[in-house]
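the following block contains a protein sequence and its predicted model.
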Amino acid sequence: MLMLFSIIMYISGILVFCLKRKHLLLMLLSLEFIVLSLYFNLFLFLSYFNNEFYFSMIFMTMSVCEGALGLALLVSLIRTHSNDYFQTFSILW
């Protein structure tokens, strides 16, 4: 049952990522939701086989670094372009 919940979380995160592709903040939030569902799936997998959770701490550290990098990119884009919509960036299109 929990594995099905994790799969539904992952698919809904990908769906939001695809539907809100013009808005950078919502894309970052959906990426974090996808990472959270993958972490939940990894936690279930490791607890099912009675393994240690050391790799899950490494995964959590990398996902926090990814989130901090995304927020830094968002702040720099808002400071230079005053919004976070992709359609107003002339460099990206």
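That came through, no problem.

from here on, just use CA atoms for contacts and neighbour counts.
Will do.

buried residues, the longest helix anywhere in the chain. List them.
If you go by DSSP state H, the chain has its longest helix at helix 54-81. Across helix 54-81, burial judged by 16 or more other Cα atoms under 10 Å covers Ser63, Glu66, Gly67, Gly70, Leu74, Leu77.

and the residue with the largest distance to the centre of the chain, helix, strand or coil?
The outermost residue of the chain relative to its centre, with distances by Cα atoms, centre = their mean, is Asn50 at 26.8 Å. Following DSSP: H, G, I helix; E, B strand; the rest coil, Asn50 is assigned to coil.

so, low pLDDT: which residues of this structure?
Within the chain, the stretches with pLDDT under 70 are 86-93.

at 80 instead, please
Low-confidence segments of the chain, defined by pLDDT under 80: 81-93.

which of the three states applies to Pro21?
Residue 21: Arg, not Pro. With three-state DSSP as the basis, Arg21 sits in coil.

how about the contacts made by it?
When contacts are counted by Cα atoms under 8 Å, 6 or more residues apart in numbering, Arg21 touches Met27.

list the buried residues for stretch 37-57?
Buried-residue list, stretch 37-57, by 16+ other Cα under 10 Å: Ser37, Leu38, Tyr39, Phe40, Asn41, Leu42, Phe43, Leu46.

quick one: which of those residues is nearest Leu4?
Of all those, Asn41 has the smallest distance to Leu4: 9.7 Å, by Cα to Cα.

just to revisit the earlier point, of the buried residues of helix 54-81, which is the nearest to Glu32?
Distances from Glu32 to the buried residues of helix 54-81, taken by Cα to Cα, are shortest for Gly67, at 7.0 Å.

can I get the buried residues of helix 54-81 in TSV with distance to Asn83?
Shown next, in TSV, are the buried residues of helix 54-81 (distance: Cα to Cα, whole Å):
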residue	distance to Asn83
Ser63	25
Glu66	21
Gly67	19
Gly70	15
Leu74	9
Leu77	7
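
what's the farthest-apart pair in the residues you listed?
Among the buried residues of helix 54-81, Ser63 and Leu77 lie farthest apart (Cα to Cα), at 21.0 Å.
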